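K.L.:
Next comes the sequence, and after it the predicted model I'd like to discuss.
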Amino acid sequence: DITKKKIFDDLKYIFNYIGGYRNLYIKFFEDMEEFNFLETSSVTDNKDDLPSLYKEIKLYEHTINVVTQFLDIAKKDIQVQQNIDIYLIIVLLHDFGKSHNLCNFYNINLEEEHCNRSAHYFKEIVLKYFKDEEILDNASFTIIYGTLFNHHKILTEEEKKENPYYLKLIESDKKARALEKSFLDNQREISRNDG
């Protein structure tokens, strides 16, 4: 049901890396199109606490940037490659809760932090659309839900060691934001020189 070429092409690209859960990924990409991630800012809440310059970056662009940065990291780490789908689902969904339209549709409370909303979205999709398929085992479900729910929580060093998924998400997200900042800085420099 995906009609936007960019989203369809990115889904095909992701298929090169996944080990399973094909229908789950399709649902995620369908929702990115349905809820207009291509036009939604990657900074949607006052509590997101990011410099206003990131508001120019769209949620879809940021999501794919984080996925791309993660896949670059994954190439160099055999342990990540062995659990690619758990990592990739976390990385892909980490900011889905920033879409107010998506949250309203799935009856997710907008008063919660976006990381909590992302976790609730994941749970809703798995339980509502894939409950009969038992698509994820309990351990994988718990890891994904917990990492999404807590990815903006300040973890102790011990907690970080216990959750490599959290560490790879944070590393990928920081690299994506650095890339986006560099792009925006270059755009502003070009605008100044043209003006």
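P.N.:
Right, received. Where do you want to start?
K.L.:
contacts and neighbour counts: CA atoms only from here.
P.N.:
OK.
K.L.:
State the mean pLDDT of stretch 20-39.
P.N.:
The average pLDDT within stretch 20-39 is 95.
K.L.:
same check, this time on stretch 4-15
P.N.:
Stretch 4-15 comes out at a mean pLDDT of 96.
K.L.:
residues of it that come out buried?
P.N.:
For stretch 4-15, burial by neighbour count (16 or more other CA atoms under 10 Å) applies to 7-8, 11, 14.
K.L.:
what's the answer for stretch 107-121, then?
P.N.:
Result for stretch 107-121 [16+ other CA under 10 Å]: buried residues 108, 110, 113-121.
K.L.:
what does stretch 128-140 rub up against?
P.N.:
21, 86, 126 (CA atoms under 8 Å, 6 or more residues apart in numbering).
K.L.:
got those as CSV, with secondary structure and distance to E134 columns?
P.N.:
Shown next, in CSV, are these (DSSP: H, G, I helix; E, B strand; the rest coil; distance: CA to CA, whole Å):
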residue, secondary structure, distance to E134
Y21, coil, 11
I86, helix, 15
V126, helix, 8
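K.L.:
all helices of the protein, in order?
P.N.:
Secondary structure of the chain, counting by DSSP state H: helices at 5-15, 22-34, 59-74, 78-82, 84-93, 100-105, 114-129, 138-150, 157-162, 164-194.
K.L.:
Just list the residues touching the closest residue to L169 other than its chain neighbours, thanks.
P.N.:
With sequence-adjacent residues excluded and distances taken as CA to CA, 6 or more residues apart in numbering, L169 is closest to V91, at 5.7 Å. Going by CA under 8 Å, 6+ apart, V91 touches 63, 66-67, 70, 169, 172.
K.L.:
Those into JSON lines, with extra columns for distance to E157?
P.N.:
Below are the contacts of V91 laid out as JSON lines (distance: CA to CA, whole Å):
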{"residue": "T63", "distance to E157": "26"}
{"residue": "V66", "distance to E157": "23"}
{"residue": "V67", "distance to E157": "25"}
{"residue": "F70", "distance to E157": "21"}
{"residue": "L169", "distance to E157": "16"}
{"residue": "S172", "distance to E157": "19"}
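K.L.:
Surely V80 is in contact with F70?
P.N.:
No - in this structure V80 lies outside contact range of F70 using CA atoms under 8 Å: 9.8 Å.
K.L.:
Looking at these two, which one has more neighbours?
P.N.:
Taking other CA atoms under 10 Å, V80 and F70 do not tie; F70 has more neighbours (24 against 20).
K.L.:
which one is the more buried one nearest to, not counting chain neighbours?
P.N.:
In space, and not counting its chain neighbours, F70 is closest to S172: 5.0 Å by CA to CA, 6+ apart.
K.L.:
So which bits of stretch 38-48 are buried?
P.N.:
Buried, per 16+ other CA under 10 Å, within stretch 38-48: 38, 40-45.
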